[in-house]
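*Asks:* need a structure here:
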Amino acid sequence: MKEPKPTPQSILIHTAQEDIPEHEIDLWPGLHQTLVSSRISTQQGNTSMFSRRTHKHPSPVQSRFVFGTALVLIIFAVLFLLIPEKQALAEAWKHLFKPLEAEQLPTPSLLDLATPTFAPTFAAMLVPAHEEEVTDTPIPTPTSLFQSPIMACGEDLYGYACQIAKAEKQVGFDAKEFPADPKAFVFRDVVKASEGVIMIEYGVIGGGGYLYLNQGVGELPYGSAPESAIEPVMVGKYPGEYVIGMYANDSQTNKTVWDPTSRFRLRWTEGDRWFELDKVAALPHTDYMTREVMIQMAQNLVNQPEPVQELRADYLTSFEEASQIADFDIVRPTVLPEDFQFSYASYDLNLGLLKIHYTPAGDPTQAGVTEILIIETPLEKIRSTSPDHPNTREGEKVEVNGYPAVYLSGPDNHSVNWQTDQLQVLLMVSTTPLNGARLTQEQVLEIAQSVR
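*Replies:* Okay, the predicted model is just below:
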């Protein structure tokens with residue numbers, strides 16, 4: 001059965017019920033008394049006015065006109081008193097996502113189903129690693145993430161502050177921002193700043209997902225979901241919608257179906273501005289970002305982030321930063337496969353271990369897929385019974401700089417594990433058909449021998 005179309009009266013009662021319990025709502029007696037009083041005073045005023053001129057009473061038509069005008073004014077007054085925001089009624093009926101009845105869409109074209117072409121396999125070439133020397137000079141602490149375009153771009157042309165400043169200048173409004181990079185994410189790029197829209201991309205540290213903070217004026221970007229997947233929510237005092245899932249291609253049936261996992265989207269509006277948080281990641285370290293957390297993140301957006309005061313242990317952008325936070329002398333390879341560069345490092349404060357990531361051409365999106373990872377742990381931080389202890393692991397016995405080591409290999413990965421006088425070191429090499437580079441055992445051991 002079709003639901004009845006909302007009327008002004010039903011909207012008025014529904015709005016009132018949000019602030020006043022249903023059993024306490026009885027607007028008619030008050031309205032009736034007000035209207036009667038208004039009519040009496042109107043008649044008295046009209047009698048006095050007419051007595052000065054013709055001493056005649058107003059006609060029935062004039063009385064009905066005054067009565068109707070008073071009724072309209074009173075209804076408008078009640079509506080404005082009961083609704084905190086003038087736009088609440090309009091927004092309450094607005095779909096921020098386009099609702100679709102079907103959970104399966106037409107079969108995509110052959111172009112949409114195209115798969116990536118794997119790079120031809122080739123033998124990797126080792127070259128000297130070009131990295132900055134570790135020094136004891138402390139890094140200047142950033143004073144603010146929000147600066148003028150000249151100041152921000154003068155410090156770092158490709159940095160966060162510069163990109164945000166340029167984006168705001170292009171779209172003509174002050175963007176709202178996270179107070180700091182969200183947990184497990186790091187700023188990557190401003191991917192769009194045109195047509196009144198700013199899209200800010202954050203990548204999962206270590207790869208495997210992304211988070212977008214989108215905002216703009218005018219119409220919202222296209223976004224669809226089954227009606228049943230759209231959940232109304234409140235972002236503070238603003239109405240919004242929350243959706244889990246996305247339309248994706250089913251490789252077995254070649255049909256585009258609704259997948260109710262992996263993607264999490266929150267949309268809301270504030271006046272003439274719309275906002276969206278869009279997360280695609282199904283990883284344990286991003287599971288904290290529930291609906292409630294995303295709503296809280298939306299409420300915590302600011303126009304000017306607070307100054308950054310300390311290093312971020314889970315994302316160290318240089319060996320200099322790593323040397324400041326780690327309490328031991330860091331070692332690193334002096335040769336690497338061609339085009340591999342330092343990507344980032346992370347330090348586990350509880351275990352006291354440092355992870356150093358290298359990816360092709362410094363591409364952080366390849367972390368965990370095609371990368372070289374070195375894990376360093378001081379001996380006093382580990383136990384001889386640890387599963388990662390070299391003497392307890394199976395594999396080929398080799399030697400690294402005079403120390404006994406264990407070498408393991410698989411179709412797309414290699415590892416070398418050894419101990420020095422101060423550290424336990426684990427070298428892991430991961431490749432993928434998308435990259436195409438293949439390293440031999442001799443090359444992997446050469447990288448290990450170069451770790452100093």
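*Asks:* would you map out the domains in the chain?
*Replies:* The chain breaks down by automatic domain parsing into domains covering 8-83, 98-110+139-299, 319-449.
*Asks:* and the ones you listed, which one is worst for confidence?
*Replies:* Note on the domains of the chain: lowest mean pLDDT is at domain 8-83, with a mean of 48.
*Asks:* count of neighbours near M234?
*Replies:* A count of nearby residues for M234, using other CB atoms under 10 Å, gives 11. All C-beta spots, glycine's among them, are computed from the backbone N, C-alpha and C.
*Asks:* same thing with the one 5 residues further on?
*Replies:* Neighbour count of P239, defined by other CB under 10 Å: 20.
*Asks:* pretty sure it contacts P232?
*Replies:* Yes - the pair P239 / P232 is scored as a contact, 6.8 Å apart, by CB atoms under 8 Å.
*Asks:* show me what contacts L373?
*Replies:* Taking CB atoms under 8 Å, 6 or more residues apart in numbering, we find L373 in contact with 355-358, 426-428, 430.
*Asks:* check M234 too.
*Replies:* Counting by CB under 8 Å, 6+ apart, M234 makes contact with 240, 295.
*Asks:* element containing it?
*Replies:* Here M234, judged by DSSP states H and E, is contained in strand 231-235.
*Asks:* cool, and A161?
*Replies:* Assigned by DSSP H and E, A161 belongs to helix 160-171.
*Asks:* which helices and strands does that helix pack with?
*Replies:* Judged by 3 or more CB pairs under 8 Å, 6 or more residues apart in numbering; DSSP states H and E, helix 160-171 is in contact with helix 149-155, strand 185-194, strand 197-204.
*Asks:* got the buried residues for that helix?
*Replies:* For helix 160-171, burial by neighbour count (16 or more other CB atoms under 10 Å) applies to 160-165, 167-168, 171.
*Asks:* about what we covered before: please put the alpha-carbon coordinates of the strand holding M234 into CSV.
*Replies:* What follows is strand 231-235, C-alpha atoms only, in CSV (Å, rounded to 0.1, in the frame of the first residue of the first chain):
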residue,chain,number,x,y,z
GLU,A,231,20.5,4.9,6.6
PRO,A,232,19.4,8.4,7.8
VAL,A,233,21.7,9.9,10.4
MET,A,234,22.4,13.2,12.2
VAL,A,235,25.8,14.9,12.0
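*Asks:* show me which positions of the helix or strand just after that strand end up buried.
*Replies:* Moving toward the C-terminus from strand 231-235, the first helix or strand encountered (DSSP H and E) is strand 238-250. Within strand 238-250, the residues that count as buried by 16+ other CB under 10 Å are 238-243, 245-247, 249.
*Asks:* strand 238-250 pairs with which strands?
*Replies:* Paired with strand 238-250 in the same sheet, following DSSP bridges, are strand 231-235 (antiparallel), strand 255-270 (antiparallel).
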